[in-house]
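>>> all I have is the shape, not the residue letters:
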DNA sequence: GTCTATAAATAGATAGAC
DNA sequence: GTCTATCTATTTATAGAC
(Lines give C-alpha, C1' and ligand atoms only; values in the text may rest on other atoms or scores of the structure.)
Protein backbone atom coordinates (compact mmCIF):
# COMPACT_ATOMS: atom_id res chain seq x y z
CA UNK A 1 0.00 0.00 0.00
CA UNK A 2 1.26 3.46 -0.90
CA UNK A 3 2.55 5.77 1.80
CA UNK A 4 -0.22 8.33 1.95
CA UNK A 5 -2.89 5.70 1.62
CA UNK A 6 -1.57 3.67 4.52
CA UNK A 7 -1.07 6.78 6.58
CA UNK A 8 -4.71 7.67 6.14
CA UNK A 9 -5.83 4.13 6.83
CA UNK A 10 -3.99 4.10 10.13
CA UNK A 11 -5.50 7.47 10.96
CA UNK A 12 -9.01 6.19 10.33
CA UNK A 13 -8.56 3.02 12.32
CA UNK A 14 -7.01 4.95 15.19
CA UNK A 15 -9.87 7.45 15.16
CA UNK A 16 -12.34 4.67 15.74
CA UNK A 17 -10.35 3.23 18.63
CA UNK A 18 -9.41 6.54 20.27
CA UNK A 19 -13.00 7.76 20.06
CA UNK A 20 -14.18 4.79 22.08
CA UNK A 21 -11.36 4.14 24.51
CA UNK A 22 -9.66 7.52 24.75
CA UNK A 23 -5.95 8.26 24.47
CA UNK A 24 -4.62 6.21 27.35
CA UNK A 25 -7.17 3.47 26.83
CA UNK A 26 -5.96 2.71 23.32
CA UNK A 27 -2.67 0.93 22.71
CA UNK A 28 -0.48 1.22 19.65
CA UNK A 29 -0.60 -2.56 19.42
CA UNK A 30 -4.39 -2.49 19.08
CA UNK A 31 -4.18 0.18 16.42
CA UNK A 32 -1.62 -1.82 14.46
CA UNK A 33 -3.67 -4.98 14.70
CA UNK A 34 -6.90 -3.26 13.65
CA UNK A 35 -5.08 -1.75 10.67
CA UNK A 36 -3.58 -5.13 9.78
CA UNK A 37 0.02 -3.96 10.05
CA UNK A 38 2.84 -4.20 12.55
CA UNK A 39 3.42 -1.68 15.29
CA UNK A 40 6.56 -0.57 13.52
CA UNK A 41 4.41 0.67 10.64
CA UNK A 42 2.40 2.86 12.95
CA UNK A 43 5.54 4.48 14.29
CA UNK A 44 6.87 4.90 10.78
CA UNK A 45 3.96 7.17 9.91
CA UNK A 46 3.58 8.86 13.28
CA UNK A 47 6.67 9.41 15.38
CA UNK A 48 4.81 9.01 18.68
CA UNK A 49 1.38 7.94 19.85
CA UNK A 50 0.79 11.50 20.95
CA UNK A 51 1.52 12.73 17.42
CA UNK A 52 -1.05 10.34 16.04
CA UNK A 53 -3.65 11.50 18.53
CA UNK A 54 -2.99 15.14 17.83
CA UNK A 55 -3.22 14.50 14.08
CA UNK A 56 -6.62 12.90 14.64
CA UNK A 57 -7.99 15.74 16.75
CA UNK A 58 -6.65 18.24 14.26
CA UNK A 59 -8.29 16.40 11.37
CA UNK A 60 -11.58 15.55 13.01
CA UNK A 61 -12.25 18.27 15.51
CA UNK A 62 -10.38 21.35 14.35
CA UNK A 63 -10.14 20.45 10.67
CA UNK A 64 -12.51 21.23 7.85
CA UNK A 65 -15.01 18.53 8.71
CA UNK A 66 -17.41 21.09 10.12
CA UNK A 67 -19.50 23.16 7.75
CA UNK A 68 -19.43 26.88 8.41
CA UNK A 69 -22.70 27.71 10.15
CA UNK A 70 -22.73 31.10 8.45
CA UNK A 71 -23.03 29.48 5.06
CA UNK A 72 -25.49 26.85 6.20
CA UNK A 73 -28.13 29.40 7.10
CA UNK A 74 -26.98 32.38 5.03
CA UNK A 75 -30.25 32.67 3.11
CA UNK A 76 -32.35 32.44 6.23
CA UNK A 77 -30.26 35.15 7.88
CA UNK A 78 -30.71 37.48 4.94
CA UNK A 79 -34.45 36.98 4.98
CA UNK A 80 -34.61 37.23 8.76
CA UNK A 81 -36.48 33.95 8.81
CA UNK A 82 -35.92 33.13 12.47
CA UNK A 83 -37.35 29.63 12.27
CA UNK A 84 -35.19 28.72 9.30
CA UNK A 85 -32.09 30.09 11.04
CA UNK A 86 -32.47 28.10 14.23
CA UNK A 87 -33.98 24.98 12.71
CA UNK A 88 -31.32 24.96 10.00
CA UNK A 89 -28.53 25.19 12.54
CA UNK A 90 -30.04 22.47 14.68
CA UNK A 91 -30.48 20.16 11.72
CA UNK A 92 -26.98 20.82 10.44
CA UNK A 93 -25.35 20.16 13.79
CA UNK A 94 -27.39 17.11 14.70
CA UNK A 95 -26.99 15.42 11.35
CA UNK A 96 -23.27 15.97 11.62
CA UNK A 97 -23.25 14.43 15.09
CA UNK A 98 -25.27 11.49 13.84
CA UNK A 99 -23.22 10.86 10.69
CA UNK A 100 -19.96 11.14 12.58
CA UNK A 101 -20.38 9.93 16.13
CA UNK A 102 -16.61 9.83 16.52
CA UNK A 103 -16.62 13.61 16.44
CA UNK A 104 -18.48 14.16 19.69
CA UNK A 105 -16.70 11.26 21.37
CA UNK A 106 -13.24 12.54 20.46
CA UNK A 107 -14.15 16.08 21.40
CA UNK A 108 -15.47 15.02 24.79
CA UNK A 109 -12.53 12.73 25.48
CA UNK A 110 -10.06 15.46 24.62
CA UNK A 111 -11.93 18.02 26.70
CA UNK A 112 -11.82 15.76 29.75
CA UNK A 113 -8.14 15.12 29.18
CA UNK A 114 -7.63 18.88 28.81
CA UNK A 115 -5.85 18.42 25.49
CA UNK A 116 -4.59 21.61 23.94
CA UNK A 117 -6.60 21.13 20.76
CA UNK A 118 -9.81 20.90 22.75
CA UNK A 119 -9.10 24.35 24.18
CA UNK A 120 -8.36 25.59 20.69
CA UNK A 121 -11.69 24.29 19.44
CA UNK A 122 -13.48 26.30 22.10
CA UNK A 123 -11.45 29.42 21.51
CA UNK A 124 -12.20 29.39 17.79
CA UNK A 125 -15.14 27.34 16.56
CA UNK A 126 -17.31 27.65 19.64
CA UNK A 127 -16.59 31.32 20.19
CA UNK A 128 -17.33 31.91 16.52
CA UNK A 129 -20.71 30.32 16.93
CA UNK A 130 -21.55 32.53 19.90
CA UNK A 131 -20.47 35.61 17.96
CA UNK A 132 -22.37 34.67 14.85
CA UNK A 133 -25.63 33.51 16.36
CA UNK A 134 -25.46 36.07 19.15
CA UNK A 135 -25.04 38.79 16.53
CA UNK A 136 -28.12 37.67 14.69
CA UNK A 137 -30.16 37.58 17.88
CA UNK A 138 -29.04 41.09 18.77
CA UNK A 139 -30.07 42.30 15.36
CA UNK A 140 -33.51 40.81 15.82
CA UNK A 141 -33.74 42.42 19.23
CA UNK A 142 -33.17 45.79 17.61
CA UNK A 143 -35.95 44.90 15.17
CA UNK A 144 -38.17 44.38 18.16
CA UNK A 145 -38.68 40.73 17.30
CA UNK A 146 -36.95 39.25 20.33
CA UNK A 147 -37.08 40.42 23.88
CA UNK A 148 -34.12 42.03 25.59
CA UNK A 149 -32.18 39.10 27.00
CA UNK A 150 -28.45 38.41 27.13
CA UNK A 151 -27.72 36.93 23.71
CA UNK A 152 -25.07 34.52 25.01
CA UNK A 153 -27.64 32.93 27.29
CA UNK A 154 -29.93 32.35 24.35
CA UNK A 155 -27.14 30.77 22.33
CA UNK A 156 -26.16 28.57 25.24
CA UNK A 157 -29.73 27.46 25.78
CA UNK A 158 -30.17 26.47 22.17
CA UNK A 159 -26.79 24.79 21.76
CA UNK A 160 -27.48 23.06 25.06
CA UNK A 161 -30.64 21.44 23.72
CA UNK A 162 -28.91 20.34 20.54
CA UNK A 163 -25.60 19.10 21.90
CA UNK A 164 -27.10 17.43 24.92
CA UNK A 165 -29.54 15.62 22.67
CA UNK A 166 -26.74 14.44 20.38
CA UNK A 167 -24.62 13.37 23.34
CA UNK A 168 -27.54 11.38 24.67
CA UNK A 169 -27.95 9.66 21.32
CA UNK A 170 -24.24 9.01 20.99
CA UNK A 171 -23.43 7.85 24.48
CA UNK A 172 -26.48 6.21 26.00
CA UNK A 173 -29.73 6.16 24.10
CA UNK A 174 -28.21 3.97 21.42
CA UNK A 175 -30.72 1.18 21.86
CA UNK A 176 -33.47 1.55 24.43
CA UNK A 177 -34.20 5.22 24.04
CA UNK A 178 -35.82 7.49 26.54
CA UNK A 179 -36.59 9.86 23.70
CA UNK A 180 -36.93 8.20 20.33
CA UNK A 181 -37.47 10.84 17.70
CA UNK A 182 -35.92 11.86 14.41
CA UNK A 183 -33.38 14.65 14.33
CA UNK A 184 -35.75 16.66 12.17
CA UNK A 185 -38.48 16.56 14.75
CA UNK A 186 -36.07 17.35 17.57
CA UNK A 187 -34.77 20.33 15.60
CA UNK A 188 -38.29 21.53 15.00
CA UNK A 189 -39.36 21.21 18.63
CA UNK A 190 -36.22 22.79 20.03
CA UNK A 191 -36.77 25.69 17.67
CA UNK A 192 -40.39 26.02 18.75
CA UNK A 193 -39.44 26.16 22.38
CA UNK A 194 -36.60 28.59 21.89
CA UNK A 195 -38.42 31.01 19.60
CA UNK A 196 -41.51 31.15 21.75
CA UNK A 197 -39.23 31.50 24.72
CA UNK A 198 -37.43 34.57 23.48
CA UNK A 199 -39.95 36.31 21.30
CA UNK A 200 -40.90 39.85 22.24
CA UNK A 201 -44.13 40.03 24.22
CA UNK A 202 -44.48 36.36 23.63
CA UNK A 203 -45.13 35.41 27.19
CA UNK A 204 -48.24 35.26 29.24
CA UNK A 205 -47.11 37.92 31.65
CA UNK A 206 -48.23 40.96 29.76
CA UNK A 207 -51.13 41.64 27.53
CA UNK A 208 -49.56 42.10 24.14
CA UNK A 209 -50.34 45.48 22.58
CA UNK A 210 -48.96 44.94 19.14
CA UNK A 211 -47.43 41.87 17.58
CA UNK A 212 -44.65 43.80 15.88
CA UNK A 213 -42.76 41.62 13.47
CA UNK A 214 -42.32 38.15 14.75
CA UNK A 215 -41.61 35.61 12.07
CA UNK A 216 -42.30 32.39 13.88
CA UNK A 217 -44.17 30.06 11.63
CA UNK A 218 -45.39 27.23 13.75
CA UNK A 219 -44.71 23.89 12.13
CA UNK A 220 -44.11 20.45 13.45
CA UNK A 221 -45.46 21.52 16.80
CA UNK A 222 -47.40 19.43 19.22
CA UNK A 223 -47.48 15.72 18.89
CA UNK A 224 -48.16 15.58 15.18
CA UNK A 225 -45.35 14.19 13.08
CA UNK A 226 -43.89 16.59 10.61
CA UNK A 227 -45.05 15.88 7.03
CA UNK B 1 -4.57 5.59 60.41
CA UNK B 2 -7.55 3.33 61.07
CA UNK B 3 -8.80 0.97 58.38
CA UNK B 4 -12.02 2.66 57.36
CA UNK B 5 -10.51 6.08 57.55
CA UNK B 6 -7.64 5.18 55.26
CA UNK B 7 -9.99 3.37 52.92
CA UNK B 8 -12.06 6.52 52.55
CA UNK B 9 -9.02 8.69 52.15
CA UNK B 10 -7.76 6.56 49.28
CA UNK B 11 -11.23 6.69 47.75
CA UNK B 12 -11.27 10.48 47.88
CA UNK B 13 -7.81 10.91 46.45
CA UNK B 14 -8.57 8.43 43.69
CA UNK B 15 -11.81 10.24 42.84
CA UNK B 16 -9.89 13.40 42.19
CA UNK B 17 -7.38 11.68 39.94
CA UNK B 18 -9.84 9.46 38.08
CA UNK B 19 -12.16 12.38 37.45
CA UNK B 20 -9.40 14.25 35.69
CA UNK B 21 -7.44 11.55 33.92
CA UNK B 22 -9.99 8.76 33.54
CA UNK B 23 -9.55 5.11 34.39
CA UNK B 24 -6.68 4.20 32.12
CA UNK B 25 -5.05 7.59 32.52
CA UNK B 26 -4.61 7.18 36.28
CA UNK B 27 -2.03 4.81 37.72
CA UNK B 28 -2.18 3.10 41.07
CA UNK B 29 1.24 4.55 41.75
CA UNK B 30 -0.11 8.08 41.38
CA UNK B 31 -3.02 7.29 43.65
CA UNK B 32 -0.71 5.87 46.31
CA UNK B 33 1.62 8.85 46.10
CA UNK B 34 -1.22 11.37 46.31
CA UNK B 35 -2.57 9.54 49.36
CA UNK B 36 0.87 9.43 50.94
CA UNK B 37 0.98 5.66 51.19
CA UNK B 38 2.58 2.80 49.33
CA UNK B 39 0.92 1.04 46.42
CA UNK B 40 0.57 -2.06 48.57
CA UNK B 41 -1.82 -0.11 50.81
CA UNK B 42 -4.05 0.70 47.88
CA UNK B 43 -4.30 -2.96 46.94
CA UNK B 44 -4.92 -3.89 50.53
CA UNK B 45 -8.11 -1.85 50.56
CA UNK B 46 -9.19 -2.50 46.99
CA UNK B 47 -8.32 -5.84 45.43
CA UNK B 48 -7.93 -4.41 41.93
CA UNK B 49 -7.80 -1.01 40.30
CA UNK B 50 -11.10 -1.83 38.63
CA UNK B 51 -12.67 -2.47 42.04
CA UNK B 52 -11.54 0.93 43.23
CA UNK B 53 -12.95 2.63 40.16
CA UNK B 54 -16.27 0.85 40.49
CA UNK B 55 -16.44 1.75 44.18
CA UNK B 56 -15.93 5.39 43.21
CA UNK B 57 -18.62 5.42 40.54
CA UNK B 58 -20.98 3.66 42.87
CA UNK B 59 -20.32 6.17 45.63
CA UNK B 60 -20.26 9.32 43.55
CA UNK B 61 -22.54 8.70 40.62
CA UNK B 62 -25.03 6.05 41.70
CA UNK B 63 -24.80 6.60 45.45
CA UNK B 64 -26.78 8.92 47.66
CA UNK B 65 -24.87 12.05 46.72
CA UNK B 66 -27.77 13.23 44.60
CA UNK B 67 -30.77 14.79 46.27
CA UNK B 68 -34.09 13.37 45.16
CA UNK B 69 -35.57 15.94 42.76
CA UNK B 70 -39.06 15.03 43.97
CA UNK B 71 -38.24 16.30 47.43
CA UNK B 72 -36.35 19.33 46.21
CA UNK B 73 -39.39 20.82 44.53
CA UNK B 74 -42.18 19.01 46.36
CA UNK B 75 -43.83 22.21 47.61
CA UNK B 76 -43.71 23.84 44.22
CA UNK B 77 -45.27 20.77 42.64
CA UNK B 78 -48.14 20.78 45.11
CA UNK B 79 -48.81 24.44 44.46
CA UNK B 80 -48.41 24.02 40.71
CA UNK B 81 -45.93 26.87 40.77
CA UNK B 82 -44.32 26.16 37.41
CA UNK B 83 -41.56 28.69 37.78
CA UNK B 84 -40.56 27.37 41.19
CA UNK B 85 -40.56 23.79 39.90
CA UNK B 86 -38.25 24.41 36.97
CA UNK B 87 -36.08 27.05 38.57
CA UNK B 88 -35.73 24.92 41.69
CA UNK B 89 -34.61 21.92 39.71
CA UNK B 90 -32.18 23.98 37.68
CA UNK B 91 -30.69 25.55 40.79
CA UNK B 92 -30.45 22.22 42.58
CA UNK B 93 -28.71 20.50 39.71
CA UNK B 94 -26.35 23.32 38.85
CA UNK B 95 -25.26 23.94 42.40
CA UNK B 96 -24.54 20.24 42.75
CA UNK B 97 -22.48 20.30 39.56
CA UNK B 98 -20.60 23.34 40.79
CA UNK B 99 -19.96 22.06 44.30
CA UNK B 100 -18.86 18.68 43.02
CA UNK B 101 -17.22 19.03 39.64
CA UNK B 102 -15.87 15.50 39.97
CA UNK B 103 -19.40 14.23 39.56
CA UNK B 104 -19.90 15.35 35.97
CA UNK B 105 -16.33 14.46 35.03
CA UNK B 106 -16.60 10.92 36.39
CA UNK B 107 -20.00 10.44 34.84
CA UNK B 108 -18.82 11.59 31.44
CA UNK B 109 -15.64 9.55 31.61
CA UNK B 110 -17.55 6.42 32.54
CA UNK B 111 -20.15 7.01 29.84
CA UNK B 112 -17.45 7.32 27.18
CA UNK B 113 -15.79 4.17 28.48
CA UNK B 114 -19.19 2.47 28.47
CA UNK B 115 -18.82 1.41 32.07
CA UNK B 116 -21.67 -0.67 33.40
CA UNK B 117 -22.44 1.78 36.20
CA UNK B 118 -22.89 4.58 33.70
CA UNK B 119 -25.61 2.58 31.98
CA UNK B 120 -27.18 1.91 35.35
CA UNK B 121 -27.24 5.61 36.14
CA UNK B 122 -29.21 6.26 32.97
CA UNK B 123 -31.58 3.40 33.51
CA UNK B 124 -32.46 4.58 36.99
CA UNK B 125 -31.70 8.17 37.92
CA UNK B 126 -32.10 9.70 34.50
CA UNK B 127 -35.21 7.71 33.61
CA UNK B 128 -36.67 8.68 36.98
CA UNK B 129 -36.17 12.33 36.17
CA UNK B 130 -37.94 11.98 32.83
CA UNK B 131 -40.83 10.18 34.51
CA UNK B 132 -41.11 12.67 37.33
CA UNK B 133 -40.77 15.92 35.41
CA UNK B 134 -42.60 14.53 32.41
CA UNK B 135 -45.47 13.57 34.69
CA UNK B 136 -45.73 17.06 36.06
CA UNK B 137 -45.70 18.57 32.60
CA UNK B 138 -48.47 16.22 31.49
CA UNK B 139 -50.54 17.23 34.48
CA UNK B 140 -50.13 20.88 33.59
CA UNK B 141 -51.09 20.13 30.01
CA UNK B 142 -54.35 18.68 31.27
CA UNK B 143 -54.82 21.87 33.26
CA UNK B 144 -54.51 23.74 30.00
CA UNK B 145 -51.41 25.55 31.23
CA UNK B 146 -48.93 24.05 28.77
CA UNK B 147 -49.44 23.31 25.14
CA UNK B 148 -49.70 19.79 23.81
CA UNK B 149 -46.09 18.79 23.14
CA UNK B 150 -44.26 15.53 23.78
CA UNK B 151 -43.27 15.77 27.44
CA UNK B 152 -39.97 13.94 26.97
CA UNK B 153 -38.88 16.58 24.47
CA UNK B 154 -39.57 19.29 27.01
CA UNK B 155 -37.60 17.47 29.68
CA UNK B 156 -34.72 16.92 27.30
CA UNK B 157 -34.70 20.57 26.28
CA UNK B 158 -34.57 21.78 29.85
CA UNK B 159 -32.02 19.25 31.08
CA UNK B 160 -30.02 20.06 27.96
CA UNK B 161 -29.74 23.71 28.90
CA UNK B 162 -28.76 22.87 32.46
CA UNK B 163 -26.32 20.03 31.90
CA UNK B 164 -24.70 21.62 28.88
CA UNK B 165 -24.18 24.79 30.89
CA UNK B 166 -22.62 22.87 33.76
CA UNK B 167 -20.42 20.87 31.39
CA UNK B 168 -19.23 24.11 29.84
CA UNK B 169 -18.38 25.50 33.24
CA UNK B 170 -16.65 22.29 34.32
CA UNK B 171 -14.69 21.49 31.21
CA UNK B 172 -13.83 24.68 29.40
CA UNK B 173 -15.15 27.98 30.66
CA UNK B 174 -13.13 27.66 33.85
CA UNK B 175 -11.24 30.90 33.32
CA UNK B 176 -11.96 33.02 30.27
CA UNK B 177 -15.68 32.47 30.03
CA UNK B 178 -17.85 32.89 26.99
CA UNK B 179 -20.80 33.17 29.32
CA UNK B 180 -19.98 34.49 32.76
CA UNK B 181 -23.08 34.44 34.90
CA UNK B 182 -24.16 33.08 38.24
CA UNK B 183 -25.99 29.77 38.44
CA UNK B 184 -28.98 31.58 39.85
CA UNK B 185 -29.27 33.84 36.85
CA UNK B 186 -28.75 30.96 34.44
CA UNK B 187 -31.47 28.99 36.21
CA UNK B 188 -33.80 31.95 36.01
CA UNK B 189 -33.18 32.60 32.31
CA UNK B 190 -33.42 28.95 31.32
CA UNK B 191 -36.72 28.78 33.14
CA UNK B 192 -37.96 31.92 31.39
CA UNK B 193 -37.14 30.51 28.01
CA UNK B 194 -38.61 27.11 28.69
CA UNK B 195 -41.84 28.30 30.29
CA UNK B 196 -42.54 30.86 27.60
CA UNK B 197 -41.62 28.23 25.08
CA UNK B 198 -44.15 25.67 26.21
CA UNK B 199 -46.95 27.72 27.67
CA UNK B 200 -50.37 27.32 26.12
CA UNK B 201 -51.16 30.06 23.62
CA UNK B 202 -47.93 31.66 24.60
CA UNK B 203 -46.60 32.15 21.10
CA UNK B 204 -47.03 34.87 18.60
CA UNK B 205 -48.70 32.66 16.10
CA UNK B 206 -52.23 32.95 17.33
CA UNK B 207 -54.16 35.71 18.93
CA UNK B 208 -54.74 34.47 22.42
CA UNK B 209 -58.40 34.29 23.37
CA UNK B 210 -58.13 33.59 27.02
CA UNK B 211 -55.07 33.40 29.24
CA UNK B 212 -56.31 30.37 31.14
CA UNK B 213 -54.12 29.65 34.11
CA UNK B 214 -50.51 30.21 33.40
CA UNK B 215 -48.40 30.71 36.43
CA UNK B 216 -45.29 32.22 34.99
CA UNK B 217 -44.10 35.01 37.19
CA UNK B 218 -41.44 36.86 35.28
CA UNK B 219 -38.41 37.53 37.40
CA UNK B 220 -34.77 38.01 36.68
CA UNK B 221 -35.57 38.52 33.02
CA UNK B 222 -33.83 40.80 30.61
CA UNK B 223 -30.41 42.11 31.25
CA UNK B 224 -30.97 43.30 34.77
CA UNK B 225 -29.04 41.41 37.40
CA UNK B 226 -31.21 39.69 39.91
CA UNK B 227 -31.07 41.51 43.26
C1' DG C 1 -1.37 -1.16 59.06
C1' DT C 2 2.53 -0.26 56.67
C1' DC C 3 6.54 -0.77 54.12
C1' DT C 4 10.30 -2.55 50.65
C1' DA C 5 11.19 -5.54 47.14
C1' DT C 6 9.86 -7.77 43.32
C1' DA C 7 7.17 -10.51 40.03
C1' DA C 8 4.72 -10.68 35.54
C1' DA C 9 2.69 -8.49 32.01
C1' DT C 10 2.24 -4.74 28.97
C1' DA C 11 3.32 -0.21 27.31
C1' DG C 12 5.66 2.81 23.76
C1' DA C 13 9.33 2.89 20.77
C1' DT C 14 13.67 1.32 17.94
C1' DA C 15 17.07 -1.67 15.07
C1' DG C 16 17.93 -3.80 11.28
C1' DA C 17 16.88 -7.37 7.78
C1' DC C 18 14.21 -8.02 3.49
C1' DG D 1 7.06 -0.36 2.74
C1' DT D 2 7.00 -4.04 5.82
C1' DC D 3 8.26 -7.25 9.16
C1' DT D 4 10.44 -9.72 13.41
C1' DA D 5 12.93 -9.16 17.30
C1' DT D 6 14.07 -6.56 20.99
C1' DC D 7 14.85 -2.73 24.41
C1' DT D 8 13.38 -0.02 28.27
C1' DA D 9 10.11 1.89 31.24
C1' DT D 10 5.89 1.42 33.31
C1' DT D 11 1.86 -0.93 35.16
C1' DT D 12 -0.84 -3.88 38.01
C1' DA D 13 -0.40 -6.79 41.61
C1' DT D 14 1.86 -9.87 45.28
C1' DA D 15 5.22 -11.62 49.05
C1' DG D 16 6.86 -11.19 53.16
C1' DA D 17 9.21 -8.51 56.85
C1' DC D 18 8.17 -5.12 60.63
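Right, received. Where do you want to start? Model, not experiment: these values are computed from the prediction. Numbers count the residues shown, from 1 in each chain, chains lettered A, B, ... in the order given.

>>> let's check: the centremost residue of chain A is which one?
residue A:93 (4.3 Å; C-alpha atoms, centre = their mean).

>>> gap between it and residue A:133?
To residue A:133, residue A:93 is 11 Å away according to C-beta to C-beta, to the nearest Å. Where you see a C-beta, it was placed from the backbone N, CA and C, and this is true even at glycine.

>>> from chain A, which residue is nearest to DNA strand D?
Chain A approaches DNA strand D most closely through residue A:3 (2.6 Å), counting by C-beta to the nearest atom of the strand.

>>> related to what we said a few turns ago, close to chain B, is whichever strand or helix holds the residue nearest to the centre of chain A?
Applying DSSP states H and E as the criterion places residue A:93 in helix A:82-99. No: no part of helix A:82-99 sits near chain B under the criterion C-beta under 8 Å from any C-beta of the partner chain; the closest distance found is 10.4 Å.

>>> show me what that helix is in contact with.
Helix A:82-99 is touched from outside by A:66-67, A:69, A:72-73, A:75-77, A:103-104, A:133, A:136, A:140, A:145, A:158, A:161-163, A:165-166, A:169-170, A:183-184, A:186-188, A:190-191, A:194-195, A:214-217, A:219, with contacts defined as C-beta atoms under 8 Å, 6 or more residues apart in numbering or on different chains.

>>> just checking, residue A:152 touches residue B:178?
Yes: using C-beta atoms under 8 Å, residue A:152 is in contact with residue B:178, at 6.4 Å.

>>> list the residues that contact both of those two?
residue A:130.

>>> still on that earlier bit, the residue of chain A closest to DNA strand D: how many residues sit nearby?
Neighbour count of residue A:3, defined by other C-beta atoms under 10 Å in any protein chain shown: 9.

>>> contacting residues around it?
Applying C-beta under 8 Å, 6+ apart to residue A:3 gives the contacts residue A:45.

>>> repeat that with 10 Å
A:44-45 (C-beta atoms under 10 Å, 6 or more residues apart in numbering or on different chains).

>>> could you measure from it over to residue A:49?
20 Å.

>>> tell me the residues of chain A that contact DNA strand C?
With C-beta under 7 Å from any atom of the strand as the criterion, chain A comes near DNA strand C at residues A:26-29, A:39-40, A:43, A:47-50.

>>> need the buried ones from these selected in ChimeraX.
Selection of buried members from the residues of chain A next to DNA strand C for ChimeraX, criterion 16 or more other C-beta atoms under 10 Å in any protein chain shown:
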select /A:26,28,49
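
>>> follow-up on the earlier one: the residue of chain A closest to DNA strand D and residue B:64, how far apart?
Using C-beta to C-beta, residue A:3 is found at 57 Å from residue B:64.

>>> off-centre distance for the one helix or strand residue A:5 maps to?
Per DSSP H and E: residue A:5 is located in helix A:3-25. Put simply, helix A:3-25 sits 22 Å off its chain's centre (C-alpha atoms, centre = their mean, to the nearest Å).

>>> do stretch A:185-199 as well
The mean C-alpha position of stretch A:185-199 is separated from the chain mean by 17 Å, C-alpha atoms, centre = their mean.

>>> so which bits of that stretch are buried?
Neighbour-count burial for stretch A:185-199 flags A:186-199 (criterion: 16+ other C-beta under 10 Å).

>>> now, which of the residues you listed lie close to chain B?
Residues of the buried residues of stretch A:185-199 in contact with chain B (C-beta under 10 Å from any C-beta of the partner chain): A:186, A:188-199.

>>> among these, which are in helices?
Those of these mapping onto helices are A:186, A:188-198, per DSSP state H.

>>> flag the shaky bits of chain A, pLDDT-wise.
Scanning chain A for pLDDT under 70 picks out A:201-227.

>>> what residues does it put near DNA strand D?
Listed as neighbours of DNA strand D in chain A under the rule C-beta under 7 Å from any atom of the strand: A:1-3, A:6, A:36-41, A:44.

>>> now these: which count as buried?
Buried among the residues of chain A next to DNA strand D by 16+ other C-beta under 10 Å: A:6, A:37, A:41.

>>> pretty sure the last one sits against residue A:33.
No: under the criterion of C-beta atoms under 10 Å, residue A:41 makes no contact with residue A:33, lying 11.1 Å away.

>>> give the intersection of the neighbour lists for those two.
Counting by C-beta under 10 Å, 6+ apart, no residue touches both residue A:41 and residue A:33.

>>> could you measure from residue A:177 over to residue B:122?
Going from residue A:177 to residue B:122 by C-beta to C-beta gives 11 Å.

>>> that should have said residue A:16, apologies.
In terms of C-beta to C-beta, residue A:16 sits 23 Å off from residue B:122.

>>> who's more crowded, the two?
Per other C-beta under 10 Å, whichever of residue A:16 and residue B:122 has more neighbours is residue B:122, with 17 against 14.

>>> OK, contacts around the closest residue to that one other than its chain neighbours?
Of all residues beyond its chain neighbours, the one nearest residue B:122 is residue A:172 (4.8 Å), with distances taken as C-beta to C-beta, 6 or more residues apart in numbering or on different chains. Residue A:172 makes contact with A:178, B:111, B:114, B:118-119, B:121-123, B:126 under the criterion C-beta under 10 Å, 6+ apart.

>>> got a quick ChimeraX command for the buried subset of the residues you listed?
Buried residues among the contacts of residue A:172 (16+ other C-beta under 10 Å), as a ChimeraX selection:
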select /A:178 /B:111,118,121,122,126
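
>>> save the contacts of residue A:172 as CSV, and put in distance to residue A:98 and secondary structure too.
Shown next, in CSV, are these (distance: C-beta to C-beta, whole Å; DSSP: H, G, I helix; E, B strand; the rest coil):
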residue, distance to residue A:98, secondary structure
A:178, 17, coil
B:111, 18, helix
B:114, 19, coil
B:118, 21, helix
B:119, 21, helix
B:121, 23, helix
B:122, 19, helix
B:123, 23, helix
B:126, 21, helix
